[in-house]
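S.K.: one predicted model, sequence on top.
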Amino acid sequence: MKAFFKPAVAGVLFICMNFFIGSSSAQNKQGSGRVMLAGEVVDSACALDAKSAYQVIELDPLSMGRLIRQGEGEPHIFLLRLVKCSLTRPDPSRPGTYLPDWQHLRVTFEGLADSGGRLFATVGTSTGLALRIADMQGLQSTPGVSMPLTSLTGEDQELRYTLQLVGNGRPMAVGSHRAAVRFRLEYF
């Protein structure tokens, strides 16, 4: 029996050459205030290592000639490291009983899709480029589409992926580029 569980861990993977963070400030009024809280309590088999949750990957400059000849830049490996895994699931509604063990994990990468929908779009002054994310078996991720299930081992586990700058079939122009890609982990 497979049941869908809300995302157990959400993270953000930032891939960029230029990265800007803006800040905002709120005006304080003396004698009044407001507190807003939003959140979600979820069940998960593993914790996500803090270094995996928010990553910045800076791509080395790449000559346009090389990109045109080869069609892609060098692959960059990044990891999602799962730690403190426990596959057993106590049933919170019936103390002393257990739900079926966690068995699988599904990863979904989300971000702005390139015009073809199969690659992750970049923004900036460069054109004709996109990002490709693939697992170590070469299976490519499509923005917003879940990757195949991965078996959970019950131990700390590393999920390895590659990121590559690729041509998207449009005319290329030199410049800077950046992209933000989020990922979601779901346990079954």
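M.R.: Yep, it's here.

S.K.: give me the neighbour count for F188.
M.R.: 16 (other CB atoms under 10 Å). Placement of C-beta: from N, CA and C, glycine included.

S.K.: pretty sure it contacts D101?
M.R.: No. Contact criterion CB atoms under 8 Å: F188 and D101 do not qualify, at 10.3 Å.

S.K.: find the residues that touch each one of these two.
M.R.: Here F188 and D101 have no joint contacts, going by CB atoms under 8 Å, 6 or more residues apart in numbering.

S.K.: next one, pLDDT for the closest residue to G124 other than its chain neighbours please.
M.R.: Spatial nearest neighbour of G124, excluding adjacent residues (CB to CB, 6 or more residues apart in numbering): H177 at 3.8 Å. Note on H177: pLDDT of 91.

S.K.: now H177: how far from T142?
M.R.: 20 Å (CB to CB, to the nearest Å).

S.K.: swap in L163?
M.R.: Where T142 is concerned, L163 sits at a distance of 14 Å (CB to CB).

S.K.: repeat for G124
M.R.: As judged by CB to CB, G124 and T142 stand 22 Å apart.

S.K.: check A50 too.
M.R.: Taking CB to CB, one finds A50 at 28 Å from T142.

S.K.: the more surrounded of the two?
M.R.: T142 (16 against 10).

S.K.: of all residues in the protein, which one is nearest the centre?
M.R.: Centroid-nearest residue in the chain: F183, 2.6 Å away (criterion: CA atoms, centre = their mean).
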